[in-house]
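1. okay, structure incoming, though there's no sequence with it:
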């Protein structure tokens, strides 16, 4: 697939608590933004297939949204559309499947769109439901203990990071400080305010040792990308972005089967495979959008995908290496910490950011490009056992 | 020889100073403390605890029957002892029965068990008595009651206490009752019921069994019988029968430390007495409730080699004092509470619970024969056979492996303030079992400030939640109790 697929347009909506917007209106807005983003223009009829990232139908009480929902929402019912759900990596994996559709030779131009309505539920209920796998209700199974939502699972990791790696709550808080700062420059972010270490550590404990500001918010959102055959890209845009590598990594579906809680092997495998496909190394990357659903998770991700040795991310963060103008900017968009985590929209929102940065259109949050390569990463699902890693470049 | 071959007891970790009732309601506080079952406990889980204590060094497959005695069965229809049999890893070809509705259901069950053994239908019967009675808030009875369980194993081999005789009286009187639609117990005026029933029926049963065995009060090292609502009446009855105070197992001590334990009272008192008993001791044992059952017991030499139990005294010493009466009201779901904005609980699937009954109720996992890894994910007891090893991919090569009695250490933990709980935070621990195997469990009976990595824990059978009248039971981890 390396170099065979190009992104010609990306679009997203401002993430937030969009009480006045339905799934349908969010999808349409992201889709129209995406069409408008194709700078030389595109006839919607040129899109020959689509993948619809949609994680939970249960949250909106209207059941699971199948492929035809997207076809219907965008008024294009003559193309195949497949709904895709793959835990928190749903968005990144929806993008990957659109790329596979082009790389297979079957389609020239396809659409990947992810949307999630999280806030038709009160935030705590939304978060609790997210832990249960997207239903509107949590486990009826006797073995389903209440403390099994995302925060509790990541808190179990954080406890081990503190014990094994010597990380502190202050180290975790520094991730929030950095990403909130970056988020103030991103017009699409849910949160656009600064936080201090003191404010993070002074916020109430959600799941010890994680505080409120260690967690990303519950947010509505939608984002999309149009990809095409690389050799056709210049017809649509002067600034195509090419897909160099793309991979999904998996691990145990039960947390307790994993040997380590300071490493998520799903991320390790996803990144390793994508780098192999791309034929590049982590040091060749200019910046990354990594899945910071919780602050401790970002530190783990930085290490797992190969940007730092295990146990060194906290120090490198403290030294400013991952700042927007540091050696390797991580989450210049503000990440999930600022944008929130509308599950299926998250990954495509990160793709939006990576493409925008590579086109040097990121305005005040523009990072410095050296090799012109950026990466997108999600990790999640039960026991954080599934991860997606996409490598994008401005040159083929 | 037929008699008691083992005993066990259980007292919940939480205790409430009766002064807290005074602070909450005003009026008058009785002296002492009462035992309070945690929000995830009920008469079934406490009976399982007492039974585990009783079976501590005994092969559960030698047990031929299980009787559950209580006045507070969680079900009007559905057998609790069948649930308990899975938690205790008993055989399938056994008699299980719930003996309910009477405060002397424990001794009634004991009589049935003795009959089953003497008839040759069973060699070994496990009898549990457990109660968690509810009285309307703010009354004296609320202060007086306590939650606990006791267990006796009866059999023919290795008898530590021989049962030499028994005598029963039936007596019709509504001293205490709970109607079909009642949540709380009701009772008639104390003095009338004690004068006309307890004070007459208890001596009748005890004199009856002494006469049958040709014994008189001076022949007994100990007299163990449960008190009525007014504990002072117990001593008066004993005195009138001709017993000296030194012969009595004084229920006043229990009242001051745990409360009146319902159908568990007689067994708990007997366990407390047996912990001090010496070979050759004769014990007169009786229990009251719509009549009375009395027994002549004789302690044998085997009691000197009897293994370690937590029993009454160790459980008594291991305790956590509660902060307020509000906690008690919350745990019992007695007052309507502000509801956390959390996802609705799904409904219990009877099909899924049945399919995984050994896994969930018995805590059965598997051990891979090829790589030797114990695994708790699924499988166990061949009902839902695991086909592929999660570690080495071996196919269909497992043996059943039980985690319920294994100790473990905390590998990681969190205190979840978000998860709805009747006593937040929800403490969650990933634990490593001794001998291998790792899993994630709620941590109960814990002081959140004391939880740390490497802490030793053990498994305890608890009620996770209820749905449409059905209880979901499962196991939790707790710091080693004592």
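-> Yep, that arrived. These numbers were taken from a predicted model, which means no experiment stands behind them.

2. secondary structure element for the residue of the stretch 151-300 of chain A found nearest chain B?
-> Residue nearest to chain B within the stretch 151-300 of chain A: residue A:155 (3.5 Å; C-beta to the nearest C-beta). Yep, even glycine has a C-beta here, placed from its N, CA and C like the rest. Assessed by DSSP states H and E, residue A:155 sits inside helix A:150-165.

3. so for that helix, mean pLDDT?
-> Helix A:150-165 comes out with an average pLDDT of 95.

4. tell me the angle the helix or strand following it makes with helix A:150-165.
-> Using DSSP H and E, the helix or strand that follows helix A:150-165 in sequence is helix A:169-183. Helix A:169-183 and helix A:150-165 are oriented at 120 degrees to each other (axes from the mean of the first three to the mean of the last three C-alpha atoms, to 10 degrees).

5. shaky segments in chain B?
-> Within chain B, the stretches with pLDDT under 70 are B:341, B:343-344, B:377-385.

6. so it: which segments form each domain?
-> B:3-331, B:352-479 (automatic domain parsing).

7. and the end-to-end length of the shortest one?
-> End-to-end distance of domain B:352-479 (C-alpha to C-alpha, to the nearest Å): 30 Å.

8. what does the first one give?
-> Domain B:3-331 has its terminal residues 38 Å apart, counting by C-alpha to C-alpha.

9. quick check: closest non-adjacent residue to residue A:65.
-> residue A:54 (4.7 Å; C-beta to C-beta, 6 or more residues apart in numbering or on different chains).

10. helices or strands up against the helix holding residue A:155?
-> helix A:123-131, strand A:205-207, strand A:210-211, helix A:295-304, strand B:408-416, strand B:426-433 (3 or more C-beta pairs under 8 Å, 6 or more residues apart in numbering or on different chains; DSSP states H and E).

11. what about the residue nearest to residue A:65, how many neighbours?
-> A total of 29 residues lie near residue A:54 under the criterion other C-beta atoms under 10 Å in any protein chain shown.

12. how about the residues of the stretch 251-400 of chain B by chain A?
-> Contact residues (C-beta under 8 Å from any C-beta of the partner chain) of the stretch 251-400 of chain B with chain A: B:340-349, B:352-353, B:356, B:359-360, B:375-377, B:390-391.

13. which residue ranges form the strands in the stretch 151-300 of chain B?
-> Ranges of strands within the stretch 151-300 of chain B are B:161-170, B:176-177, B:186-187, B:222-225, B:282-288, B:291-299, based on DSSP state E, counting those that start in this stretch.

14. which of the ones you listed sits closest to residue B:459?
-> Ranking those by their distance to residue B:459 (criterion: C-beta to C-beta) puts strand B:161-170 first, at 29.2 Å.

15. who does that closest one pair up with?
-> Paired neighbours of strand B:161-170 in the sheet (DSSP bridges): strand B:3-10 (antiparallel), strand B:291-299 (antiparallel).

16. quick check, distance from the first one to the centre of its chain.
-> Which is strand B:3-10. Once both centres are worked out by C-alpha atoms, centre = their mean, to the nearest Å, strand B:3-10 turns out to sit 12 Å from its chain's centre.

17. what packs against the helix or strand just after that strand?
-> Heading C-terminal from strand B:3-10, the first helix or strand you meet, by DSSP H and E, is strand B:14-17. Judged by 3+ C-beta pairs under 8 Å, 6+ apart, the packing partners of strand B:14-17 are strand B:33-36, strand B:320-321.

18. would a markdown table of these with distance to residue B:447 and mean neighbour count be doable?
-> Formatted as a markdown table, the helices and strands packed on strand B:14-17 follow (distance: least, C-beta to C-beta, whole Å; neighbours: other C-beta atoms under 10 Å in any protein chain shown):
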| stretch | distance to residue B:447 | mean neighbour count |
| --- | --- | --- |
| strand B:33-36 | 16 | 25 |
| strand B:320-321 | 7 | 12 |
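
19. so can I have TSV of those showing distance to residue B:6?
-> Formatted as TSV, those follow (distance: least, C-beta to C-beta, whole Å):
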stretch	distance to residue B:6
strand B:33-36	22
strand B:320-321	28
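
20. span of stretch B:234-254 from start to end?
-> End-to-end for stretch B:234-254, by C-alpha to C-alpha: 13 Å.

21. need the contact partners of it.
-> B:146, B:198-199, B:202-203, B:206-207, B:216-218, B:220-228, B:231, B:261, B:265, B:268-269, B:272-273 (C-beta atoms under 8 Å, 6 or more residues apart in numbering or on different chains).

22. might one say that residue B:90 is in contact with residue B:58?
-> No. Contact criterion C-beta atoms under 8 Å: residue B:90 and residue B:58 do not qualify, at 11.2 Å.

23. of the two, who's got more company?
-> residue B:90 (24 against 18).

24. does stretch A:290-305 reach chain B?
-> No. Legend: contact between stretch A:290-305 and chain B by C-beta under 8 Å from any C-beta is lacking; minimum distance shown is 11.3 Å.

25. how far does that stretch sit from the chain's center?
-> On C-alpha atoms, centre = their mean, the centre of stretch A:290-305 falls 12 Å from that of its chain.

26. ramachandran angles for whatever residue of the stretch 1-150 of chain B ends up closest to chain A?
-> Closest contact between the stretch 1-150 of chain B and chain A, by C-beta to the nearest C-beta, is at residue B:40 (10.7 Å). Torsion angles at residue B:40 (phi, psi; degrees, to the nearest 10) stand at phi -100, psi 20.

27. so how many other residues sit close to it?
-> Other residues close to residue B:40 by other C-beta under 10 Å number 22.

28. wait, it sits on residue B:445?
-> No. Using C-beta under 8 Å, residue B:40 makes no contact with residue B:445, being 9.0 Å away.

29. which parts of the stretch 51-200 of chain B are helices?
-> For the stretch 51-200 of chain B, helices defined by DSSP state H, counting those that start in this stretch occupy the ranges B:80-87, B:105-118, B:140-144, B:190-193, B:199-213.

30. ok, now which ones touch the residue of the stretch 1-150 of chain B closest to chain A?
-> So residue B:40 contacts B:444, B:462-464, B:476 (C-beta under 8 Å, 6+ apart).

31. just the residues you listed that are near chain A?
-> Applying C-beta under 8 Å from any C-beta to those, those adjacent to chain A are residue B:464.
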